[in-house]
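Undergrad: Build me a model:
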Amino acid sequence: MMKLKRIGILTGGGDCSGINAVIRAVTRAAILQHQAEVIGLEDGYDGLIFGRHQELTLETVKDILPLGGTILGTTNRGNPFNYREYDGEGNIVSHDYSPRALETFKQLGLDALIVVGGEGTLMIAHQFCLLGMPVICIPKTIDNDLEGTDYTFGFQTAVQVATDALDRLHTTGRSHRRVMILEVMGRSAGWIALEAGIAGGAHIILIPEIPYQLDRVMETIRRREELGHRYNVIVIAEGARELGGDEVILQTAAETLQGVRRLGGVGHDLAGKIAGRINREVRCTMLGHTQRGGTPNSFDRVLGTRLGAFAVEAASQGRFGHMVALRIPHLTLVPLEQLAGRVRHVPSDSELLRAAEAVGIGLGR
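TA: This next block holds a predicted model:
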């Protein structure tokens, strides 16, 4: 056991429901169990680079459990080891700000840093760990695509939001006899689309792990029409693509600056392809950031609280260089070196895929 005097916490990557539950748990566990001070670094790793921070107390984390987002702010850009910015003349230049981040850590007098984030954020944390920074990580992403853990907090809330949207699309699709397409997030993993699609009674689910064949999609639609069903609901993950085709990219100047590849628009792309083959109206809804925002459900509040409290205990034991993971029903620690840069996809032999096809859901294959 080590005496924790002052610990830091930052939240990086995309926001999601449940982050504030983690911040609250870390703060309360550190103060109540170890009488330690807690410093919140603002806007992800930018807080380490530029020294932006705030003290977290029992008062400042009061009533934040049901709040979406993160009171510390976050960013999915700003890698301290490769910080890209414009030089004033329109050119993109890169800086290594990791020495500055290490200096900030020392100046703040931190004994440990708890990093809350997804694959990219954890990969950076591992780099800092190799430089000697005492780091404990907590898995956070709505995509549920991190190796080493059964679930990431934020995922279940995102699935519920998508499921609610599918329920509503059923009624309007049935009323107008349309093909209704819902595009959901997930990057290169299809977990949100698959679980929401099953829960929301989708007729077709298209995920990145199974490049879809348009003929198979149309076959499912026509077979339903032959059975007297005059509408169809399709859920498609943003990273899905047609067999032999490419992902659909929705890029902006900001993403170009930071070297980020942003997916989006595959639902509208699919709508155009289907509309050209069927005499029926096709509509697409891009759910977008509503999957990230809003109140976390009870699962994510409980999981976030468990992960935060466990991370503080791990830090007090000097178990640095690890990520707190859920291996149902228990929490455990997984070495960061086993996780850095790895993405967990839906496996080809997934029981979820078998269940979907068993109940007649088309997977485009």
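
Undergrad: any idea which helix or strand comes after whichever helix in the chain runs longest?
TA: In terms of residue count, the longest helix belonging to the chain (DSSP state H) is helix 155-176. Using DSSP states H and E, the helix or strand that follows helix 155-176 in sequence is strand 179-184.

Undergrad: At which residues are the strands of the protein located?
TA: 6-11, 37-41, 53-56, 83-86, 92-95, 112-117, 135-139, 179-184, 204-206, 232-237, 282-286, 322-327, 330-335 (DSSP state E).

Undergrad: For residue 19, list the residues it contacts.
TA: 11, 69, 70, 74, 116, 140, 153, 154, 304 (Cβ atoms under 8 Å, 6 or more residues apart in numbering). (Glycine included, C-beta is placed from N, CA and C.)

Undergrad: repeat that for 7 Å
TA: 11, 69, 70, 116, 140 (Cβ atoms under 7 Å, 6 or more residues apart in numbering).

Undergrad: Residue 202 now?
TA: Contacts of residue 202 by Cβ under 7 Å, 6+ apart are 166, 233, 234, 235, 361.

Undergrad: run the last query once more with 10 Å
TA: For residue 202, the contact set (Cβ atoms under 10 Å, 6 or more residues apart in numbering) comprises 162-163, 166, 169-170, 180-182, 193-194, 196, 232-236, 356, 361-362.

Undergrad: Let's have the contacts of residue 19 in JSON lines, adding distance to residue 272, pLDDT and neighbour count.
TA: Output for the contacts of residue 19, formatted as JSON lines (distance: Cβ to Cβ, whole Å; pLDDT from 0 to 100; neighbours: other Cβ atoms under 10 Å):
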{"residue": "11", "distance to residue 272": "38", "pLDDT": "97", "neighbour count": "30"}
{"residue": "69", "distance to residue 272": "34", "pLDDT": "94", "neighbour count": "19"}
{"residue": "70", "distance to residue 272": "37", "pLDDT": "96", "neighbour count": "24"}
{"residue": "116", "distance to residue 272": "39", "pLDDT": "97", "neighbour count": "32"}
{"residue": "140", "distance to residue 272": "35", "pLDDT": "94", "neighbour count": "30"}
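
Undergrad: circling back to that earlier point, what helices or strands is the longest helix of the chain leaning on?
TA: Under the contact criterion of 3 or more Cβ pairs under 10 Å, 6 or more residues apart in numbering; DSSP states H and E, helix 155-176 touches strand 179-184, helix 191-199, strand 232-237, strand 282-286, helix 298-316.

Undergrad: Report all helices and strands that the second one contacts.
TA: With contacts defined as 3+ Cβ pairs under 10 Å, 6+ apart, helix 191-199 has these neighbours: helix 155-176, strand 179-184, strand 204-206, strand 232-237, helix 351-358.

Undergrad: so which of the ones you listed gets nearest residue 326?
TA: helix 155-176 (10.8 Å; Cβ to Cβ).

Undergrad: Show me the domain layout of this structure.
TA: For the chain, automatic domain parsing gives the domain ranges 6-153+296-328, 159-293+348-358.

Undergrad: Would you point out which residue is most central in this protein?
TA: Geometric centre of the chain, nearest residue: residue 141, 2.4 Å, by Cα atoms, centre = their mean.

Undergrad: Once you drop chain neighbours, what's closest to it?
TA: residue 118 (3.7 Å; Cβ to Cβ, 6 or more residues apart in numbering).

Undergrad: And for residue 43?
TA: Residue 43 sits nearest to residue 73 (Cβ to Cβ, 6+ apart), 4.3 Å away.

Undergrad: Contact partners for that neighbour?
TA: Residue 73 makes contact with 10, 11, 15, 40, 41, 42, 43, 44, 46, 47, 52 under the criterion Cβ under 10 Å, 6+ apart.

Undergrad: wait, doesn't the second one sit right on residue 56?
TA: Right, the one you point to is residue 11. No: taking Cβ atoms under 10 Å as the definition, residue 11 is not a contact partner of residue 56, at 11.9 Å.

Undergrad: Please enumerate the shared neighbours of these two.
TA: Residues touching both residue 11 and residue 56 comprise 23, 40, 71, 72, with contact defined as Cβ under 10 Å, 6+ apart.

Undergrad: can the residues you listed go into TSV with extra columns for neighbour count, pLDDT and distance to residue 323?
TA: Listed next are the shared contacts of residue 11 and residue 56 as TSV, based on neighbours: other Cβ atoms under 10 Å; pLDDT from 0 to 100; distance: Cβ to Cβ, whole Å:
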residue	neighbour count	pLDDT	distance to residue 323
23	28	98	17
40	23	98	20
71	17	97	22
72	23	97	19
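
Undergrad: Looking at these, which one is closest to residue 110?
TA: When those are ranked by distance to residue 110 (Cβ to Cβ), residue 40 comes first, at 11.5 Å.

Undergrad: Tell me who's in contact with that closest one.
TA: 8-11, 23, 26-27, 47, 52-56, 60-61, 70-73.

Undergrad: Any idea how many residues pack against the residue nearest to residue 205 when sequence neighbours are not counted?
TA: Nearest residue to residue 205, sequence neighbours excluded (Cβ to Cβ, 6+ apart): residue 197, at 3.8 Å. For residue 197, the neighbour count with other Cβ atoms under 10 Å is 31.
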